[in-house]
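Engineer: Predicted coordinates and the sequence they were generated for:
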Amino acid sequence: MNVLCKFLLTLSLIIQVGCSSYVQSMHRSFDRAERAKRARAASNYQQGSPNDRRPIQNPVTLGSQQNYAPSNQRQYQRRGNRRAKAEDFKDESNDGSLWSGKNSESFLFVTNNLKRKGDIVIVEVFQELKDKIQEELKRNFPDPPPRKKKTKGKADETPEEPEPTPATVAPDDPNKVYDKISTTVVEQMNQDYLLVRGRKEVLFKKFKRYFEIQAIVNQKDITSQDTVRSKKLLEPKINVLRY
């Protein structure tokens, strides 16, 4: 019995040693195949070899390039000149800009004063709009026809003296604001233009009269105080109201 156990133990040891040596030999063969594969790949991609399969032949690194002079000679400010301020970078033009597009959402840095439906915009009335309002009031409330006077004799007739006229009349100030009309944004036509409408009570020929104004306003023309000049109004319409 002891002899059989020794034989079986010896046989198992021989099998284990044989299996381990076989596994090691397999690993060594795998390593040799991997090294051979890497060597063939390195020879294929060697620069200048006929088996070079890279898309760019004889690549040049950035460090080996030469520095070329610029085609345009630019005059840069030297030290000691005036220091640049924030106001120097403001774009005063009306075209598109990333930095100073006033009252527009398509710019990067802006001071937005955008108006929406229901916001109040105050119209400053200048001479042109004032004359237009007066003409509309006169057309709707004309003067009554003059009464016929009784005929008199030639002896009773007295020549009427002409009214004195001033020698010189001072012209009106074109920048004078005669009145202010409070309007409301009733419709946003697009990103830049608004439709405003408002009513005003005025004293005309000793009676209170009412008129309504409607116009199109560009949002860029509205100031930070929510005012707009009547000179900037587009298609203003005056309607006299009768109560």
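Structural biologist: Right, received. Where do you want to start?
Engineer: State the mean pLDDT of the helix or strand hosting Val23.
Structural biologist: Using DSSP states H and E, Val23 falls within helix 2-44. The average pLDDT for helix 2-44 rounds to 76.
Engineer: begin at 57 from here
Structural biologist: Got it, first residue is 57 now, which makes that one helix 58-100.
Engineer: Who are the packing partners of the lowest-mean-pLDDT helix or strand in the chain?
Structural biologist: Using mean pLDDT, DSSP states H and E, the weakest-scoring helix or strand in the chain turns out to be helix 58-100, at a mean of 76. Judged by 3 or more Cβ pairs under 8 Å, 6 or more residues apart in numbering; DSSP states H and E, helix 58-100 is in contact with no other helix or strand. Backbone N, C-alpha and C define where each C-beta goes, glycine included.
Engineer: Helix or strand next in line after that helix, which one?
Structural biologist: Helices and strands here follow DSSP H and E; after helix 58-100, the next one along the chain is strand 176-181.
Engineer: That next one: partners in the sheet, and parallel or antiparallel?
Structural biologist: strand 235-244 (antiparallel), strand 283-285 (parallel) (DSSP bridges).
Engineer: which of those strands sits most buried?
Structural biologist: Most buried of those by mean neighbour count (mean count of other Cβ atoms under 10 Å) is strand 283-285; its value is a mean of 17.
Engineer: who touches that one?
Structural biologist: Val177, Ile178, Val179, Glu180, Phe182, Lys236, Val273, Asp277, Ile278 (Cβ atoms under 8 Å, 6 or more residues apart in numbering).
Engineer: Any of those buried? List them.
Structural biologist: Those of the contacts of strand 283-285 that meet the buried threshold are Val177, Ile178, Val179, Glu180, Phe182, Val273, Asp277, Ile278, by 16 or more other Cβ atoms under 10 Å.
Engineer: Now render those as JSON lines, adding distance to Phe267.
Structural biologist: Below are those laid out as JSON lines (distance: Cβ to Cβ, whole Å):
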{"residue": "Val177", "distance to Phe267": "17"}
{"residue": "Ile178", "distance to Phe267": "16"}
{"residue": "Val179", "distance to Phe267": "12"}
{"residue": "Glu180", "distance to Phe267": "16"}
{"residue": "Phe182", "distance to Phe267": "16"}
{"residue": "Val273", "distance to Phe267": "18"}
{"residue": "Asp277", "distance to Phe267": "22"}
{"residue": "Ile278", "distance to Phe267": "22"}
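Engineer: closest to Val296 among those residues?
Structural biologist: Among those, Val179 lies closest to Val296 (Cβ to Cβ), at 16.9 Å.
Engineer: Contact partners for the closest one?
Structural biologist: 185, 236-239, 252, 254, 269, 271, 283-284, 286, 289.
Engineer: what separates the nearest residue to it once chain neighbours are set aside from Leu64, distance-wise?
Structural biologist: The shortest distance from Val179 to any non-neighbouring residue, by Cβ to Cβ, 6 or more residues apart in numbering, is to Ile237 (4.4 Å). For Ile237, the distance to Leu64 (Cβ to Cβ, to the nearest Å) stands at 117 Å.
Engineer: go on, Lys288?
Structural biologist: In this view, Lys288 and Leu64 are 111 Å apart by Cβ to Cβ.
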